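1. got a predicted structure plus its sequence, pasted below:
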Amino acid sequence: MKKSLPYLAVSPDVEEAIASGQPVVALESTIISHGMPYPENVETALHVEQAVRESGAVPATIAILGGKLKAGLSEAEITHLGKTGREVVKTSRRDIPFILAREISGATTVASTMIIAEMAGIRIFATGGIGGVHRGAAETMDISADLQELANTSVAVVCAGAKSILDIGLTLEYLETHGVPVVGFGTDEFPAFYTRRSGFGVDYRVDSPEELAKALKIKWEAGLKGGVIIANPIPEAHEPTVAPIQQATEAALSEAQRLGVKGKEITPFLLAKIKELTGGESLRANVDLVLNNARLAAKLAVAFAENSEPSQTPKH
């Protein structure tokens with residue numbers, strides 16, 4: 001019997017699914033509080049959960065609320081995060097003990113969502129895009145904690161690649177150094193969030209959830225800890241026009257530099273500015289790609305569950 005974790009609270013439906021070996025997909029909450037405006041953030045979060053259900057898995061949106069690491073939120077809790085917005089603390093690994101100690105709300109990033117998912121026994125996680133090495137990192141050393149978490153925490157992350165606001169080449173170099181496999185689902189090229197192409201390749205191309213599930217099972221059964229990036233390009237029909245996105249990205253980066261925006265505030269600032277400059281086209285693309293990732297993650301979770309023994313009861 002595994003040691004209980006006093007700060008972990010798993011919702012009854014997610015706990016039952018994990019204990020019985022049903023497929024479960026973790027979902028982050030920073031996209032709710034910091035990634036989109038209200039009410040689009042709440043509507044998107046609920047649509048993403050529904051997309052997971054319709055694809056055969058149980059959604060587990062993750063956040064920190066009331067002094068607990070929560071895996072599986074109610075609609076009321078999701079609405080609270082959406083309405084409170086950026087007043088909710090954007091929470092990565094370093095922040096977790098302080099958010100718990102103060103018993104305040106924390107919206108989980110890719111890194112902290114991975115941590116809580118692994119604690120709960122969830123192996124598959126869907127998000128929009130991963131963090132990475134920021135442009136100018138040679139001087140600023142601004143590198144997302146997501147990358148180090150991917151090297152150490154055994155959760156597969158389905159994403160639309162890395163945001164084009166980042167230095168994608170250096171992000172991929174960092175991941176290679178730390179042994180994190182970067183897999184393209186149905187693509188040989190690493191996507192750049194809003195767009196299907198970045199000019200950079202992936203380590204492996206995989207064309208079916210079943211093949212992915214087999215590789216994940218072998219990796220972790222062999223004792224090879226750490227995550228896997230599953231890069232899932234935005235559907236071609238929903239891809240925005242590339243040139244305006246690139247122009248908006250460059251303009252947003254220049255504005256952030258002029259204003260001295262740094263650290264955990266940089267990504268929300270840039271996404272909001274790009275939305276403004278593209279007349280909302282980037283927000284529509286963001287919603288479409290997150291839904292696309294959720295559907296793939298659910299199919300992967302189904303395939304993974306079919307190839308695995310029933311999971312142990314969550315450690316809480």
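-> Nice, thanks for sending it over.
2. okay, buried residues for the strand or helix carrying Pro97 please.
-> Taking DSSP states H and E as the criterion, Pro97 maps to helix 96-102. Along helix 96-102, the positions that meet the burial threshold by neighbour count (16 or more other Cβ atoms under 10 Å) are Ile96, Ile99, Leu100. C-beta coordinates here come from the backbone N, C-alpha and C atoms, glycine included.
3. and that helix, what does it pack against?
-> Using 3 or more Cβ pairs under 8 Å, 6 or more residues apart in numbering; DSSP states H and E as the contact criterion, the secondary-structure elements in contact with helix 96-102 are strand 58-65, strand 68-71.
4. got the angle for whatever helix or strand comes next after the last one vs strand 58-65?
-> Counting by DSSP H and E, the element after strand 68-71 in chain order, helix or strand, is helix 75-84. Using axes from the mean of the first three to the mean of the last three Cα atoms, to 10 degrees, the interaxial angle of helix 75-84 with respect to strand 58-65 works out to 50 degrees.
5. strands paired with the next helix or strand after helix 75-84, and their directions?
-> Where DSSP H and E defines the elements, the next helix or strand beyond helix 75-84 is strand 89-91. Strand 89-91 pairs in its sheet with strand 106-108 (parallel), by DSSP bridges.
6. what about the strand it pairs with, average pLDDT?
-> Mean pLDDT, strand 106-108: 98.
7. give the next helix or strand downstream of it.
-> Following strand 106-108 in sequence order, the next helix or strand is helix 110-120 (DSSP H and E).
8. for Ser33, give me its contacts.
-> When contacts are counted by Cβ atoms under 8 Å, 6 or more residues apart in numbering, Ser33 is found next to Asn41, Leu81, Gly82, Thr84, Gly85, Arg86, Val88, Lys90, Ala107.
9. please apply the same query to Arg205.
-> When contacts are counted by Cβ under 8 Å, 6+ apart, Arg205 touches Val183, Gly184, Gly186, Thr187, Asp188.
10. for the helix or strand that contains Thr267, output the C-alpha coordinates as PDB.
-> Secondary-structure assignment from DSSP H and E places Thr267 in helix 266-277. What follows is helix 266-277 as a C-alpha-only set of coordinates in PDB (Å, rounded to 0.1, in the frame of the first residue of the first chain):
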ATOM      1  CA  ILE A 266       6.000  37.300 -20.000                       C
ATOM      2  CA  THR A 267       3.900  34.600 -21.600                       C
ATOM      3  CA  PRO A 268       0.500  35.900 -20.500                       C
ATOM      4  CA  PHE A 269       1.600  39.400 -21.700                       C
ATOM      5  CA  LEU A 270       2.700  38.200 -25.100                       C
ATOM      6  CA  LEU A 271      -0.400  36.000 -25.700                       C
ATOM      7  CA  ALA A 272      -2.700  39.000 -24.800                       C
ATOM      8  CA  LYS A 273      -0.700  41.300 -27.100                       C
ATOM      9  CA  ILE A 274      -0.700  38.800 -30.000                       C
ATOM     10  CA  LYS A 275      -4.500  38.400 -29.600                       C
ATOM     11  CA  GLU A 276      -5.000  42.100 -29.700                       C
ATOM     12  CA  LEU A 277      -2.700  42.500 -32.800                       C
END
